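here is the input, now give the coordinates:
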Amino acid sequence: MDKNVEVFMNYIIERNPGEKEFHQAVLEVAESIMPFIQKNPKYKKAKILERISEPERVVMFRVPWMDDSGEIQINRGYRIQMNSAIGPYKGGLRLHPSVNLSILKFLAFEQVFKNSLTTLPIGGGKGGSNFDPKGKSDAEVMRFCQSFMTELYRHIGPNTDVPAGDIGVGGREIGYLFGQYRRLRNEFSGILTGKALNWGGSLIRPEATGYGCVYFAEEMMKTKKETLKGKICTVSGSGNVAQYTVEKLLQLGAKPVTLSDSSGMIYDPDGIDDEKLAWIMDLKNIRRGRIKEYADEFNVNYEAGKRPWEIKCDMAFPSATQNEINQNEAKTLVDNGCISVAEGANMPTEPEGIEIFQEAKILYGPGKAANAGGVATSALEMSQNSLRMSWCREEVDEKLHWIMQNIHENCVKYGKENKYVNYVNGANIAGFVKVADSMLDQGLV
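Coordinates of the predicted model:
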């Protein structure tokens, strides 16, 4: 490890003890940014990296709610407001038992760079709770969301902080949260994104992260004069991001063959086609079932407790959660001939896995660049709310496609190394420069 990086990371670890996910996210950025900072002493003198790594504000609160049996439950709520140098805080709310301060700080930190890359005026934040919506009734989810928003509402606003959905927070949860905000503030404003179309949502928003990830992969493939047509693709997850990654892959002529959930994975060598995808969407979004049911329905292989990375493929799309590709799995992907990895999830590849991809010189699109389509379209939803109008599906999709092309272009600009594009360095430096220069312009913020 570079000496300057080592000194910086000791500082971060001392200030944030035990937050391993946050340490991992900061290290990944520091290794890219530090040589750039050393060549640009204005950033070093102003301690910009130290300031970007410290949240502007951390809000943590109690969330009491009553379950259907009349018993009181208590969860913990969070909002990390990381950086607002280029716009209001923007980032999702995650409801999952694993949620803690470290995970949300890592996500908020990543969000700062991701949002900067979109070219849109949005800062970075993240929030959520250790509440688990799985297995809960609609009434229980509603009571939790109402209690959660009763505290959160005082910390957010259309020009301050605009949350969105994330793991465990879909249209149902956004609806309950927005309804409580409207009741408390007596106003109708674009305070949340991911809303339903009939009350301020944007077309393409549900599809945006998956679509954007495939658009980014398409741009990476163009650098090798390749297309997605006919490429065998492994996709992890089976939620929103994975579903729409599969949909866009099918539209561009690729052949997705896997999906997964926390219980295991399915492998369909014939490919997941439009009809099968519609069945999966019904399973996951309506019936809220497990991916194993797909194997039973279509008579394909199901591997309990497994992830898709042993399956031979041309392109991989990790779209589930953080650290889902370890060093051995990365090596297996490379050995099996995988030429491209585009991350639909946040930080799904462990550092040792990233090293494997980069040593093999495959096309590796890190999450902060490849999955920025979701937050980009959230920002487009904010724009539509401010204008009190909505754009058609084609217009939003066209803007999303342009944004992903622009992100790719900036990654190439800052990440080109001889004949190889280091997309990690490119994304980190491109995202850093815009925020850093804004912080310098604004003084000690």
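
could you say what helices and strands the longest helix seen in the chain packs with?
In terms of residue count, the longest helix belonging to the chain (DSSP state H) is helix 393-415. Contact partners of helix 393-415 among helices and strands, from 3 or more CB pairs under 8 Å, 6 or more residues apart in numbering; DSSP states H and E: helix 101-117, helix 208-222, helix 367-370, helix 373-387, strand 420-421, helix 423-442. Heads up, the C-betas are built off the backbone N, CA and C, glycines and all.

run the last query once more with 10 Å
Judged by 3 or more CB pairs under 10 Å, 6 or more residues apart in numbering; DSSP states H and E, the packing partners of helix 393-415 are helix 20-39, helix 101-117, helix 208-222, strand 363-365, helix 367-370, helix 373-387, strand 420-421, helix 423-442.

tell me which of these sits most buried.
helix 367-370 (a mean of 30; mean count of other CB atoms under 10 Å).

by contact count, what packs against the top strand by length along the chain?
Using DSSP state E to assign secondary structure, the strand with the most residues in the chain is strand 72-83. For strand 72-83, the packing partners by 3+ CB pairs under 10 Å, 6+ apart come out as helix 48-52, strand 57-66, strand 89-95, helix 101-117, strand 124-129, helix 138-152, strand 161-164, helix 423-442.

can you do 7 Å?
The criterion is 3 or more CB pairs under 7 Å, 6 or more residues apart in numbering; DSSP states H and E, and the helices and strands that strand 72-83 contacts are strand 57-66, helix 101-117, strand 124-129, helix 138-152.

buried ones in the last one?
Burial within helix 138-152, assessed by neighbour count using 16 or more other CB atoms under 10 Å, is assigned to 140-150, 152.

neighbouring contacts of it?
Contacts of helix 138-152 with the rest of the structure, by CB atoms under 7 Å, 6 or more residues apart in numbering, involve 61, 63-68, 77, 79, 129, 131, 133, 172-173, 176-177, 180-181, 184.

surely residue 265 touches residue 258?
Yes: counting by CB atoms under 7 Å, residue 258 is a contact partner of residue 265 at 5.9 Å.

hang on, the earlier thing: so which of the helices and strands packed on strand 72-83 is nearest residue 228?
For those, distance to residue 228 was read as CB to CB. The smallest value, 22.0 Å, belongs to helix 101-117.

so between residue 265 and residue 258, which is more surrounded?
Between residue 265 and residue 258, residue 258 has the larger neighbour count (other CB atoms under 10 Å), namely 32 against 28.

nearest residue to that one other than its sequence neighbours?
The shortest distance from residue 258 to any residue that is not its chain neighbour, by CB to CB, 6 or more residues apart in numbering, is 3.8 Å, and that residue is residue 308.

next, the contact list for the one you found, please.
With the criterion set at CB under 7 Å, 6+ apart, residue 308 makes contact with 234, 236, 258, 260, 265.

right, and residue 361 touches residue 420 too?
Yes: with contact defined as CB under 7 Å, residue 361 counts as touching residue 420 (5.3 Å).

quick check, residue 303 in a strand?
Yes: when classified by DSSP: H, G, I helix; E, B strand; the rest coil, residue 303 is found to be part of a strand.

measure it to residue 151 for me?
Using CB to CB, to the nearest Å, one obtains 42 Å as the distance from residue 303 to residue 151.

skip the chain neighbours and tell me the closest residue to residue 9.
Closest residue to residue 9 in three dimensions, ignoring its sequence neighbours and counting by CB to CB, 6+ apart: residue 27, at 5.8 Å.

what sits closest to residue 159 if chain neighbours are left out?
With CB to CB, 6+ apart as the criterion, residue 159 has its nearest non-adjacent residue at 5.6 Å, and that residue is residue 88.

check residue 401 too.
residue 215 (5.5 Å).

from residue 251, how far out is the one you found?
Distance, residue 215 to residue 251, using CB to CB: 11 Å.

doesn't residue 30 make contact with residue 8?
Yes: assessed by CB under 7 Å, residue 8 is found in contact with residue 30 at 5.5 Å.

need the residues touching each of those two.
By CB under 7 Å, 6+ apart, residue 8 and residue 30 have these common neighbours: residue 49.

tell me the domain ranges of the chain?
Using automatic domain parsing, the domain ranges for the chain come out as 3-49, 57-188, 208-365.

the shortest one: how far from the chain's middle?
Using CA atoms, centre = their mean, to the nearest Å, the mean C-alpha position of domain 3-49 is found 22 Å from that of the whole chain.

going forward, count from 626.
With 626 as the first residue, the last one maps to domain 628-674.

state the mean pLDDT of it.
When the per-residue pLDDT values of domain 628-674 are averaged, the result is 96.

cool, the last one as well?
Looking at domain 833-990 alone, the average pLDDT works out to 97.

just the terminal-to-terminal distance for that domain.
The separation between the terminal residues of domain 833-990, taken as CA to CA, to the nearest Å, is 16 Å.

also the shortest one?
Terminal residues of domain 628-674 are spaced 15 Å apart (CA to CA).

check stretch 869-885 too.
Taking CA to CA, the span from the opening residue of stretch 869-885 to its closing residue is 14 Å.

how about the nearest residue to residue 785, chain neighbours excluded?
Here the nearest residue to residue 785 in space, its sequence neighbours aside, is residue 713; by CB to CB, 6+ apart that works out to 5.5 Å.

that neighbour - how many residues pack around it?
Residue 713 is flanked by 19 other residues according to other CB under 10 Å.

these two touch, right, it and residue 746?
No: at 8.3 Å, residue 713 and residue 746 do not qualify as touching, with contact defined as CB under 7 Å.

any chance of the helices and strands packed on helix 1018-1040 in CSV, plus distance to residue 1039?
What follows is these, written out as CSV (distance: least, CB to CB, whole Å):
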stretch, distance to residue 1039
helix 645-664, 8
helix 726-742, 10
helix 833-847, 15
strand 988-990, 14
helix 992-995, 11
helix 998-1012, 19
strand 1045-1046, 10
helix 1048-1067, 4
